[in-house]
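Chemist: attaching a predicted model along with its sequence, questions to come.
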Amino acid sequence: MKRSILAFLLCLAMIFTFVPEVSAVFQERPGETLLYNFTFSPEEKADIERFFTPNEAVEIEWVSGIGVGHGDDHALRVENIDKVNFTSVHNVVRLTLPEPLPLGYEYRVFAWIYAPEEGNDDKRNMRGPNICINNNYEGDLGVSKFPADYGGLTLGQWRSMDAVIPVQTTETTVIDFRLYTNNAREHPNIWYWDNIEIWQGAHDENIRVPEWDLSLPSLAETYSDYFLIGNIMTPNSNWFNAHTDAFLHHFNAVTAENSMKPVYVALESGQYDFNGADTVVKFGEDNNIPVHGHTLIWHQQSADWLTTDPDGNPLTRDEARENMQSYITAYAGRYAGRIASWDVVNEAFDNSVADGTNWKSGMRTASPWYKAYANGTDRDAGEHPSDYIYDAFVFTRLAAPDAVLFYNDFNEEEPGKRNAMAGMAEDFNVKWETDPRNTEPGRKLIEGMGMQSHYWTDNLNPADVRDSIQRFVRAGLRIRITELDIPFGNYGNYRSRTTEPTEAELIVQAKLYESLFKIYIDFAEHIDAVTIWGLTDPMNWRGSGYPVLFDEFQSAKPSFWSIIEVVDPGAYDRFMGTQPSDSESTSAPAPDHPDGTLIQPVPDEPDEPHESDAVSSGFPWWGFALIGVGVAILVAFLAITVIKNKKAAK
């Protein structure tokens, strides 16, 4: 009897321990209409093969064989070609729809994906599937990646993807099927797609199409006597088609959001991809607006070969320095005389710095550049791992002598960090005075301080910003506000927001923008430019906090008018006097409200993240596995207890 009980309990433990990939079974919802069903059968191939195309890192094949598909004998096989480039966008299978999906409807894309064990032996903890519509990877047309909860992918098991595309204000012409990662370890070498279905759901009769109002006062013209007003761009057709006119109306300085970061440029030693950077620079030249380069040296979105060996170990100081020199010479040198200014080094300090008097103690020691420069540092000779900052500025000065060189960082309004940033610049500028490579003795090496200015409505104190600007001015530095945004809430809660901002919240945000721009005007002789990070709320990396001047419909928010009226009081009333009374193109300016917002410690906040750093918002697949293991241990314990009790009873 005891053996029967033990066998039963052990079987039960095995059942609970085995947790297959959780996949929803598709259930048609009322009102949905099936538009497409791709099974990848030989009969379909002649008619629809041309609609499926691989991106540059993969090749695709229509395959047939017993059980090769999900519930059938057909599937689309995908294989990474060189087993090196696993950037998500380069590994997509693109479906160019035979007919665009009309705007104003909700759509569902249901599909099955499978990664076999064979050919994927080195893969672990793989990320799940996801789609991106209209090639809108930068969010220029709003949210475009679904589902947000992409989960994981287990070798040898089919799993489903159920992606709901909310009502769009543009037609959907292409759908990219992909894995949501850029990491080689998390991405299969070989995988299969099957049974792709596209369903049309409910129609929104009140759909509102975004439209820029070019009759609004120009931000650039309004501030033409003070400093440049900039914004970011992404060099693709979506951005150019939708936003060029609005950009040129409001802004007269441009920064690339992502395409000029090292990971997109420095592919391998001696191999560079300048396509994105070339497009940004040409846009600036064609429209006579200066380009600000962002960024040359950063601990994130960098190219591994610059600082680490193939096994992930830090290079030596000399090796990293040699790589840095060749990279900056090639990159900054290519645009010498064409890029007006550079963020040479980005975020070399820890998120927060307690003691700003000893700036070296505040270094971001986890940076791959810091680690490489620490590997071989001769402290007795006065060397320090932070010397990579100095080298980066020297190499950039030599490669692009006409460019104004900035150090760029966030939380720059904190007292400790502001003093560390200023102290570092002061020390390196003194060192440069006696450097034999210095051919302009009266010119500083680090000429300016880039204040990222990623703030929050809950804890921004404009007085802290004023204090930081004053400190940097005392250091003899130019100022550039490089990435300004003010989302609602704070670092801990803005991502969970599900409601649009209230009128009271919009007023608070507008008053904060107003306060900042009043400070900027006070220091206008020291400020080169103020750059807003994103044209509209959805185009900002913290878009769920509604952080910038224009909303999802490209309409001006109260923050826009509060900035305009710092220089041009009464602009809103004059503008509205020329508009229909029911115009939706603008929002009322923010009235005065009592000064003083809640001051809280500024949280650690990184620069704009890359999607490889994204984390699933749902319960992870490995969570279920851990639960199963826990249940198994509990059941086994009970089994042992039962046996012991029976023995004791004897």
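Modeler: All right, it came through fine.
Chemist: residues near T365, how many?
Modeler: 12 (other Cβ atoms under 10 Å). For glycine as for every other residue, the C-beta is placed from the backbone atoms N, C-alpha and C.
Chemist: please read the previous query as pertaining to S515.
Modeler: For S515, the neighbour count with other Cβ under 10 Å is 20.
Chemist: equivalent analysis for W305, please.
Modeler: Neighbours of W305 using other Cβ under 10 Å come to 17.
Chemist: quick one: secondary structure of it?
Modeler: Using DSSP: H, G, I helix; E, B strand; the rest coil, the secondary structure recorded for W305 is helix.
Chemist: then P401?
Modeler: P401 ends up coil, using three-state DSSP.
Chemist: so what's it closest to, chain neighbours aside?
Modeler: Leaving aside its chain neighbours, P401 sits nearest to A336 (7.1 Å; criterion: Cβ to Cβ, 6 or more residues apart in numbering).
Chemist: can you pull the contacts of that neighbour?
Modeler: Going by Cβ atoms under 8 Å, 6 or more residues apart in numbering, A336 touches A399, A400, P401, D402, A403.
Chemist: and those, which two are the farthest apart?
Modeler: A399 and D402 (10.5 Å; Cβ to Cβ).
Chemist: which one's more surrounded, the two?
Modeler: Under the criterion of other Cβ under 10 Å, the comparison of A399 against D402 puts A399 first, with 21 against 11.
Chemist: test my guess that the more buried one contacts T329.
Modeler: Yes. Counting by Cβ atoms under 8 Å, T329 is a contact partner of A399 at 4.9 Å.
Chemist: so how far is P290 from Y272?
Modeler: Distance of Y272 to P290, computed by Cβ to Cβ, to the nearest Å: 23 Å.
Chemist: er, W432 actually
Modeler: 24 Å.
Chemist: so I481 lies in a strand, does it not?
Modeler: Yes. Per three-state DSSP, I481 lies within a strand segment.
Chemist: show me what the closest residue to it other than its chain neighbours is bridged to.
Modeler: The shortest distance from I481 to any non-neighbouring residue, by Cβ to Cβ, 6+ apart, is to V530 (4.2 Å). Counting by DSSP bridges, V530 forms beta bridges with I229, I481.
Chemist: I'd assumed G230 was in contact with V530.
Modeler: Yes. Using Cβ under 8 Å, V530 is in contact with G230, at 7.0 Å.
Chemist: ok, these two, which is more surrounded?
Modeler: Using other Cβ under 10 Å, the more surrounded residue of V530 and G230 is G230, with 30 against 26.
Chemist: which secondary structure element is home to S326?
Modeler: For S326, the element it lies in under DSSP states H and E is helix 317-334.
Chemist: what's in contact with that helix?
Modeler: Under Cβ under 8 Å, 6+ apart, the answer for helix 317-334 is 262, 265-266, 269-270, 272, 274, 277, 293, 296-297, 303, 305-307, 314-315, 339, 342, 369, 372-377, 383, 388, 391-392, 395-396, 398-400, 403.
Chemist: strands - which of these land there?
Modeler: Secondary structure from DSSP state E places A266, Y272, G293, L296, I297, W342 of the contacts of helix 317-334 in strands.
Chemist: any idea how far the second one is from V254?
Modeler: Spelled out, that is Y272. 21 Å.
Chemist: more neighbours: which of the two?
Modeler: Shown here are Y272 and V254; by other Cβ under 10 Å, V254 has more neighbours (23 against 17).
Chemist: shouldn't the more buried one be within a strand?
Modeler: Yes. In this structure, V254 lies within a strand as judged by three-state DSSP.
Chemist: from P116, how far off is it?
Modeler: Where P116 is concerned, V254 sits at a distance of 46 Å (Cβ to Cβ).
Chemist: swap in R495?
Modeler: For R495, the distance to P116 equals 35 Å [Cβ to Cβ].
Chemist: same check, this time on D318
Modeler: For D318, the distance to P116 - Cβ to Cβ - is 44 Å.
Chemist: when those two are compared, which one has more neighbours?
Modeler: Legend: neighbour count by other Cβ under 10 Å for D318 and P116, higher for P116 (16 against 12).
Chemist: does that one touch I190 like I think?
Modeler: Yes. P116 lies in contact with I190 (Cβ under 8 Å); the separation is 6.2 Å.
Chemist: name the nearest residue to G31, ignoring sequence neighbours.
Modeler: Per Cβ to Cβ, 6+ apart, closest to G31 is A202, 5.8 Å.
Chemist: now P54
Modeler: I60 (4.6 Å).
Chemist: and that neighbour, what are its phi and psi?
Modeler: I60 adopts backbone torsions of phi -120, psi 160, taken as degrees, to the nearest 10.
Chemist: report the beta-bridge partners for it.
Modeler: Under the criterion used (DSSP bridges), I60 bridges to V78.
Chemist: that one: what's it in contact with?
Modeler: So I60 contacts F52, T53, P54, L76, R77, V78, E79, V93 (Cβ under 8 Å, 6+ apart).
Chemist: if we use 6 Å, what do you get?
Modeler: Contacts for I60 were tallied using Cβ atoms under 6 Å, 6 or more residues apart in numbering; they are P54, L76, V78, V93.
Chemist: quick check: the farthest pair among those?
Modeler: Between all members of these, the farthest pair (by Cβ to Cβ) comes out as P54 and L76, at 9.8 Å.
Chemist: looking at the two, which is more packed in?
Modeler: L76 (24 against 18).
Chemist: contacts for the host helix or strand of the more buried one, please.
Modeler: According to DSSP H and E, L76 maps onto strand 74-80. In this structure, residues lying in contact with strand 74-80 by Cβ under 6 Å, 6+ apart are 40-41, 57-61, 63-64, 68-69, 93, 189-194.
Chemist: stretch 92-107 too?
Modeler: Contacts for stretch 92-107 (Cβ under 6 Å, 6+ apart): 51-55, 60, 78, 165-178, 200-204, 207.
Chemist: next, the distance between the ends of that stretch.
Modeler: 20 Å (Cα to Cα, to the nearest Å).
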